[in-house]
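*Asks:* How does the following fold in three dimensions:
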Amino acid sequence: SLIKKTILDWSNDNKVDAIITTGGTGLTGRDSTPEAIQEIADKTIDGFGELFRQLSYAKIGTSTIQSRAIGALIQGTYIFALPGSTSACKDAWDEILQFQLDNRYRPCNFIEIMPRILEK
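*Replies:* Residues are numbered from 1 along each chain as shown. Purely as a prediction, here's the structure:
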């Protein structure tokens, strides 16, 4: 699919460390971003989707159950698929990603483990 091809192209680019997508994470027929990512992911970051839904629950209640936000690693590149709503994207950035994509965040963050992601 075009989604998979685009993600693979970006994850092969040495200048790209993280990819953030929006939309396509719902339950309708055209929402296929999580499936596309899962098919090509080397590892999933299960805690990302879990934490996103926990934070979202505080704002939108049980409607968060419709979110299939996902995080993964593809060829050493982080990818985060967020819902299409502006509010959801802001919440994901403000509450999770700005910290995990900052090497100063403690006790640990995604940046500090990047050199070891592709270890065998």
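*Asks:* buried set for the one helix or strand Ile19 maps to?
*Replies:* Under the criterion of DSSP states H and E, Ile19 resides in strand 18-22. Buried positions in strand 18-22, judged by neighbour count with 16 or more other CB atoms under 10 Å: 18-19, 21-22. The C-beta positions use only the backbone N, C-alpha and C, and glycine is treated the same way.
*Asks:* and which of these is nearest to Ile117?
*Replies:* For the buried residues of strand 18-22, the closest approach to Ile117 (CB to CB) belongs to Ala18, at 11.7 Å.
*Asks:* Is that closest one in contact with Tyr78, as I believe?
*Replies:* Yes: the pair Ala18 and Tyr78 passes the contact test of CB atoms under 8 Å, sitting 4.2 Å apart.
*Asks:* Now do the shared contacts for the two.
*Replies:* Common contact partners of Ala18 and Tyr78 (CB atoms under 8 Å, 6 or more residues apart in numbering): 101, 110.
*Asks:* For the lengthiest helix in the chain, enumerate the helices and strands it packs against.
*Replies:* Scanning the chain for the longest helix, with DSSP state H as the assignment, gives helix 46-60. For helix 46-60, the packing partners by 3 or more CB pairs under 8 Å, 6 or more residues apart in numbering; DSSP states H and E come out as strand 70-74, helix 86-92.
*Asks:* Just say which of these is most tucked in.
*Replies:* Here the criterion is mean neighbour count by mean count of other CB atoms under 10 Å, and of the helices and strands packed on helix 46-60 the winner is strand 70-74, at a mean of 22.
*Asks:* got the angle for that one vs helix 46-60?
*Replies:* Computed by axes from the mean of the first three to the mean of the last three CA atoms, to 10 degrees, the angle separating strand 70-74 from helix 46-60 equals 160 degrees.
*Asks:* Need the mean per-residue confidence for strand 70-74.
*Replies:* Throughout strand 70-74, pLDDT has a mean value of 97.
*Asks:* try stretch 1-14
*Replies:* Stretch 1-14 shows a mean pLDDT of 90.
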